[in-house]
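*Asks:* Could you look at this predicted model? Sequence included:
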Amino acid sequence: MPIKIPNGLPAISQLEHENIFVMNAQRAESQDIRTMRIAVVNLMPVKETTETDLLRLLSNTPLQVEIDFIRLETHHSKNTNINHLDNFYRPFSSVKDQKYDGLIVTGAPIEHLPFESVSYWEEMKEVLDWSKDHVTSSMFICWASQAALYHFYGLEKHPLRKKLSGVYPHTLTCPTHPILRGFDDLFYIPHSRNSEVKAEDIKACSELEIISTSPEAGVYMVMSRDSRQLFVSGHAEYARKTLKQEFDRDQLKGLEPKIPANYFPNNDPSETPQKIWASHAHLLFSNWLNYHVYQLTPYIWS
């Protein structure tokens, strides 16, 4: 089935080039199907890139999915044209009274800041509280997962000695969990972050369950016991060259970054990276949409 996205969104041409089935709003509305409504709070700097990355994964299921991109009104983006935001994003205040089947909140490059020092922290807390009563299932990615674990469960984030950047092997700590159906015993996923939430803190919270970890990257996936919140520390949505772009950017800033682990062939940044996480990424998002959104959400919200 296709993914329903706003007419004119720049991601459409790239997705069609990749032979991904997309459908404009007019055509979708002519079909008598209950679409899954997914809200995406995109906090990443280059929003167009993240839009494409997420839509690529959300489109690969039998479900028809309708996407609303949401922007925080207290967050002022420096890297995305204001016309793009005006055309394709809805302010959070305009959707407060609406119900969504799913919510995705992305990461943000602000891990060095205490949560309370983030300029849009108060509005972020409002979104998190809103999600409890207005969303069937929420997926929080990277910084957003740390923010949600802190807000809901009081779990602190801890700085890493060196930035974690690369593609790392992961294992399953709860292999029978629905979100992990079809997963290999060992799979790879990109990480790009400067902080972590410690496993011992998560294990001490009876409302949470660790479902996947990495010997090198630490805790990867955590699920609330009611299956309505998924916390993901890595970036399954990353495109092939995203880590390379971040590595090049950090080099230009004079940060002397380490070469991302397990990423470039022969550890040579001049070579094209191999994408070895695509199948996991598609399975993660399709399992979330199926088992934690579609199977749980009411046909008619009340």
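*Replies:* Thanks, I have it.

*Asks:* who touches the residue lying closest to Asn262 once chain neighbours are set aside in this structure?
*Replies:* Using C-beta to C-beta, 6 or more residues apart in numbering and skipping residues adjacent in sequence, the residue nearest Asn262 is Val167, 4.6 Å away. For the C-beta atoms, the positions are set from N, CA and C on the backbone; glycine is no exception. If you count contacts by C-beta atoms under 8 Å, 6 or more residues apart in numbering, Val167 has them with Tyr188, Ile189, Pro190, His191, Leu243, Pro260, Ala261, Asn262, Tyr263, Ile276, Trp277.

*Asks:* Doesn't Val167 belong to a strand?
*Replies:* Yes: applying DSSP: H, G, I helix; E, B strand; the rest coil, one finds Val167 inside a strand.

*Asks:* Local confidence estimate at it?
*Replies:* Model confidence at Val167, given as pLDDT, is 98.

*Asks:* I'd like to know the beta-bridge partner residues of it.
*Replies:* Beta-bridge pairing of Val167 under DSSP bridges involves Pro190.

*Asks:* so can I have a markdown table of the contacts of Val167 showing distance to Lys162 and secondary structure?
*Replies:* Listed next are the contacts of Val167 as a markdown table, based on distance: C-beta to C-beta, whole Å; DSSP: H, G, I helix; E, B strand; the rest coil:
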| residue | distance to Lys162 | secondary structure |
| --- | --- | --- |
| Tyr188 | 20 | strand |
| Ile189 | 19 | strand |
| Pro190 | 16 | strand |
| His191 | 12 | strand |
| Leu243 | 15 | helix |
| Pro260 | 12 | coil |
| Ala261 | 11 | strand |
| Asn262 | 16 | coil |
| Tyr263 | 15 | coil |
| Ile276 | 22 | coil |
| Trp277 | 21 | coil |
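
*Asks:* ok, those residues vs Thr61, which is closest?
*Replies:* Ranked by distance to Thr61 (C-beta to C-beta), those are led by Trp277 at 18.1 Å.

*Asks:* what's the host helix or strand of Glu16 packed up against?
*Replies:* When elements are assigned from DSSP states H and E, Glu16 belongs to helix 11-17. Contacts defined by 3 or more C-beta pairs under 8 Å, 6 or more residues apart in numbering; DSSP states H and E place helix 11-17 against strand 22-23, helix 47-58.

*Asks:* same thing but 6 Å
*Replies:* With contacts defined as 3 or more C-beta pairs under 6 Å, 6 or more residues apart in numbering; DSSP states H and E, helix 11-17 has these neighbours: helix 47-58.

*Asks:* Mind checking the pLDDT average for stretch 268-275?
*Replies:* 95.

*Asks:* Can you give me the buried ones in it?
*Replies:* By neighbour count with 16 or more other C-beta atoms under 10 Å, stretch 268-275 contains the buried residues Pro273, Lys275.

*Asks:* Figure out the length between the terminal residues of that stretch.
*Replies:* Using C-alpha to C-alpha, to the nearest Å, one end of stretch 268-275 lies 15 Å from the other.

*Asks:* do stretch 42-53 as well
*Replies:* With C-alpha to C-alpha as the measure, stretch 42-53 spans 11 Å from end to end.

*Asks:* buried stuff in it?
*Replies:* Along stretch 42-53, these residues count as buried under the neighbour rule (16+ other C-beta under 10 Å): Asn42, Leu43, Met44, Lys47, Glu48, Thr49, Thr50, Glu51, Thr52, Asp53.

*Asks:* and which of these is nearest to Val105?
*Replies:* Taking the buried residues of stretch 42-53 together and measuring to Val105 by C-beta to C-beta, the closest member is Leu43, at 7.1 Å.

*Asks:* per-residue confidence at that closest one?
*Replies:* In this model, Leu43 carries a pLDDT of 94.

*Asks:* That one: what's it in contact with?
*Replies:* Going by C-beta atoms under 6 Å, 6 or more residues apart in numbering, Leu43 touches Thr106, Ala108.

*Asks:* What's the separation between it and Met124?
*Replies:* Going from Leu43 to Met124 by C-beta to C-beta, to the nearest Å gives 8 Å.

*Asks:* One more: Tyr188?
*Replies:* 30 Å.

*Asks:* before we move on, what about Arg34?
*Replies:* As judged by C-beta to C-beta, Arg34 and Met124 stand 30 Å apart.

*Asks:* More neighbours: which of these two?
*Replies:* Met124 (24 against 12; other C-beta atoms under 10 Å).

*Asks:* ok, and the closest non-adjacent residue to the more buried one?
*Replies:* Leaving aside its sequence neighbours, Met124 sits nearest to Ala147 (C-beta to C-beta, 6+ apart; 6.3 Å).
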